[in-house]
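Participant: 3D model of this:
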Amino acid sequence: MGGGGLAQPKFAKEVHIRIFKRNGRKCCTTLSLEALSDLQTKPFVSKCSKKFSCNGSFNKKENIIKFSGDVRDELAAYLVEMGHAKKSSIRIHGF
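Facilitator: Residues are numbered from 1 along each chain as shown. Predicted coordinates:
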């Protein structure tokens with residue numbers, strides 16, 4: 001009934017963005033992928049690395065994406081902009 005054949009986008013339940021201090025001034029930002037199951041990791045990491053001018057890597061064992069530097073706010077805004085998550089479902093941890 002209703003809907004007009006338009007599929008509703010699937011949003012993540014909760015997305016966790018964390019920051020970790022490495023040493024001195026250096027830090028890295030991590031994004032947990034437990035809620036983002038339909039995300040293609042390699043193209044996403046590549047786009048984010050270019051957009052935020054930082055290095056990014058995907059860790060299969062821990063199921064997280066790591067970015068060098070503090071890109072928490074930019075990453076949250078990008079996830080909302082691309083439709084991967086709602087703003088209310090993003091949790092930013094650290095500092």
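Participant: Pull out the buried residues from whatever helix or strand Lys50 lives in.
Facilitator: If you go by DSSP states H and E, Lys50 is part of helix 41-52. Across helix 41-52, burial judged by 16 or more other C-beta atoms under 10 Å covers Thr41, Phe44, Val45, Cys48, Ser49, Phe52. Just so you know, the C-beta spots here come from the backbone N, C-alpha and C atoms, and that holds for glycine as well.
Participant: Please apply the same query to stretch 82-95.
Facilitator: His84, Ala85, Ser89, Ile90.
Participant: How far does it sit from its chain's centre?
Facilitator: 8 Å (C-alpha atoms, centre = their mean, to the nearest Å).
Participant: Regarding that stretch, how distant is the last residue from the first?
Facilitator: 26 Å (C-alpha to C-alpha, to the nearest Å).
Participant: Same question for stretch 43-59.
Facilitator: Chord length of stretch 43-59, first to last residue, is 14 Å (C-alpha to C-alpha).
Participant: In strands, which of the buried residues of stretch 82-95 appear?
Facilitator: Under the assignment DSSP state E, those contribute Ile90 to strands.
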